[in-house]
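A.B. asks: sequence unknown, structure follows:
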């Protein structure tokens, strides 16, 4: 493909274009790419910042919430004047300020079994920056059943987990077949979270997304990175596809997310 | 002999440490190493086991970096100094 970068783009992206494994063709590829970020919060903030800065051509933002004051400790694309505004609007404004090369599409809605497949259609990669188990199983199932690669990240207090799924398996259900009982693993509102932890994990998600689009390096597919901010230990936990996985296995139990109820343990019906 | 358990997220909090050592017999298995862990740290058992005594489906058991299926029935042998782990999911964002 013939690079089509204008002088302003050659300047803006010069520090990555100069990288041998990116180059003008790689930058062109990023500008031609589309990434959907589900969740415009603690994880979504750094994801959106770095993907916009890198020149991803089209960014989709999905979130049904409005900005709250208690978000600002970690959701760093929102400011005090954004409190009460839809997060997708605040996020879109941030991207427009940073990089007008990026087209932003917003959906002020929570991901659901009804809208998930339609929302992810047309995107090269989905970033799971959600904050609850039902949404995470929904992203997994919708992406895996449509063969869409996605990058998973999740945080708890001082810890984070991050991995990449290529859309063919293993999938998140190979790692965790069902969700824990309610309240077994408390969310950020209940358990608390050090604000910079989703910053670290979200930044790794953005890194994985860019690597995937450029086809460079070794992705996290097949392993889950666990990060502990207190000890600064990083562990890599292996992840194998389960042949009996009901979503990505040899004989999937379902072929549509409509068959699954995304509440409680989010289990696949027998 | 001693083996090490790495405990992530809620399980590390239940034990009060992210890495603990338990003593097991020389012919111990993963199942026995789990028994020793749960005996020494009942709060970890509380978090990792369902009411029927099985390990929750959402908690993964690893031995030397490999997945162990049905860990409470596992006759996979462990050696002195081996590293085992219990890994639950987290969901915050």
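C.D. replies: Happy to help now that I have it. For clarity, every value in this text was computed on a predicted model and none was experimentally measured.
A.B. asks: Now do the phi/psi pair for residue A:122.
C.D. replies: Note on residue A:122: its backbone torsions stand at phi 90, psi 0 [degrees, to the nearest 10].
A.B. asks: give the contact list for the closest residue in space to it that isn't next to it in sequence.
C.D. replies: The spatially closest residue to residue A:122, leaving aside those adjacent along the chain, is residue A:34, at 6.4 Å (Cβ to Cβ, 6 or more residues apart in numbering or on different chains). Every C-beta, even on glycine, is put in place using the N, C-alpha and C of the backbone. Going by Cβ atoms under 8 Å, 6 or more residues apart in numbering or on different chains, residue A:34 touches A:56, A:57, A:58, A:59, A:60, A:122, A:123, A:124.
A.B. asks: quick one: which two of those are the most distant?
C.D. replies: A:56 and A:122 (13.7 Å; Cβ to Cβ).
A.B. asks: From residue A:61, how far off is residue B:73?
C.D. replies: Residue B:73 sits at a distance of 46 Å from residue A:61 (criterion: Cβ to Cβ, to the nearest Å).
A.B. asks: The two - which one has more neighbours?
C.D. replies: Legend: neighbour count by other Cβ atoms under 10 Å in any protein chain shown for residue B:73 and residue A:61, higher for residue A:61 (28 against 11).
A.B. asks: Doesn't the more buried one lie inside a strand?
C.D. replies: Yes: applying DSSP: H, G, I helix; E, B strand; the rest coil, one finds residue A:61 inside a strand.
A.B. asks: confidence score at it?
C.D. replies: Listed pLDDT for residue A:61 reads 98.
A.B. asks: what about residue 21, neighbour count?
C.D. replies: No chain in the question, so chain A it is. By other Cβ under 10 Å, the residues close to residue A:21 number 11.
A.B. asks: other chain: chain B
C.D. replies: Residues within reach of residue B:21, counting by other Cβ under 10 Å, total 13.
A.B. asks: Correct me if wrong: it contacts residue B:6.
C.D. replies: No: using Cβ atoms under 8 Å, residue B:21 is not in contact with residue B:6; the gap is 10.8 Å.
A.B. asks: shared neighbours, the two?
C.D. replies: By Cβ under 8 Å, 6+ apart, no residue touches both residue B:21 and residue B:6.
A.B. asks: coming back round to it: please indicate which of the contacts of residue A:34 are buried?
C.D. replies: A:56, A:57, A:58, A:59, A:60, A:123, A:124 (16 or more other Cβ atoms under 10 Å in any protein chain shown).
A.B. asks: for the stretch 51-200 of chain A, what spans make up the helices?
C.D. replies: A:87-98, A:116-120, A:133-146, A:172-175, A:188-191, A:196-214 (DSSP state H, counting those that start in this stretch).
A.B. asks: And residue 6, what's its pLDDT?
C.D. replies: Since no chain was named, I'll use chain A. 96.
A.B. asks: Hmm, no, I was thinking of chain B.
C.D. replies: On the pLDDT scale, residue B:6 is placed at 97.
A.B. asks: cool, residue B:89 as well?
C.D. replies: For residue B:89, the model assigns a pLDDT of 95.
A.B. asks: give the contact list for it.
C.D. replies: Contacts for residue B:89 (Cβ under 8 Å, 6+ apart) come out as A:133, A:154, A:161, A:175, A:176, A:179, A:180, A:185, B:58.
A.B. asks: right, and the first one touches residue A:267 too?
C.D. replies: No: using Cβ under 8 Å, residue A:133 makes no contact with residue A:267, being 11.5 Å away.
A.B. asks: Looking at those two, which one has more neighbours?
C.D. replies: residue A:133 (26 against 15).
A.B. asks: Next, work out how far apart that one and chain B are.
C.D. replies: Separation of residue A:133 from chain B (Cβ to the nearest Cβ, to the nearest Å): 5 Å.
A.B. asks: How about the contacts made by the nearest residue to that residue once chain neighbours are set aside?
C.D. replies: Sequence neighbours aside, residue A:179 is the residue nearest to residue A:133 in space, at 3.9 Å (criterion: Cβ to Cβ, 6+ apart). Contact analysis of residue A:179 by Cβ under 8 Å, 6+ apart lists A:133, A:134, A:137, A:264, A:265, A:266, B:58, B:89.
A.B. asks: give me the beta-bridge partners of the nearest residue to residue A:227 once chain neighbours are set aside?
C.D. replies: Closest residue to residue A:227 apart from its sequence neighbours, by Cβ to Cβ, 6+ apart: residue A:160 at 4.6 Å. Note on residue A:160: beta-bridge partners by DSSP bridges are residue A:155, residue A:227.
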